[in-house]
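A.B. asks: When you get a sec, could you give me coordinates for this:
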Amino acid sequence: MTKEELTTWALSNGWQMVGEHPSLMKPKNANEAIVRMVLKATVAQIEIKKPSGKWEKVAGESYAKITYDDYAELPTNLGLTTISGLTMLMQDNKDRQAFAKLSKS
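C.D. replies: Numbers count the residues shown, from 1 in each chain. Next up, the predicted model:
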């Protein structure tokens, strides 16, 4: 996958741009990112915000090794399936965005 493909996938799956990084927001504080995808020139990294406020890299891989799994509907080899609670956090963020759109209508 490319940087653009990862960004498109993330934004369609509950992630939102915070600064220049696709990010997932805290469940109770939708204004604060807790997980972000740092897309560099040749690699993508997943970082989680520690309670101290510092970002910790928990997974990463070169774009050439990241592929899309149609069955799981997730990029593979990026470590997304190994992070506990990430799919629930993605769904929570996606639902929150959908309900926000409904309430604006």
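A.B. asks: what about this protein, any weak spots by pLDDT?
C.D. replies: 104-105 (pLDDT under 70).
A.B. asks: the strands in it, which residues?
C.D. replies: 16-18, 21-25, 33-39, 43-49, 55-62, 67-69, 74-76 (DSSP state E).
A.B. asks: ok, now which ones touch Ser62?
C.D. replies: By C-beta atoms under 8 Å, 6 or more residues apart in numbering, Ser62 lies in contact with Thr42, Val43. (C-beta placed from N, C-alpha, C; glycine too.)
A.B. asks: right, and the strands of the chain - which one's nearest Asp95?
C.D. replies: Comparison of the strands of the chain against Asp95 by C-beta to C-beta identifies strand 21-25 as nearest, at 11.8 Å.
A.B. asks: what residues does the closest one touch?
C.D. replies: Residues from elsewhere that reach strand 21-25 (C-beta under 8 Å, 6+ apart): 6-7, 10-11, 14-18, 31-39, 86, 89-90, 93, 96.
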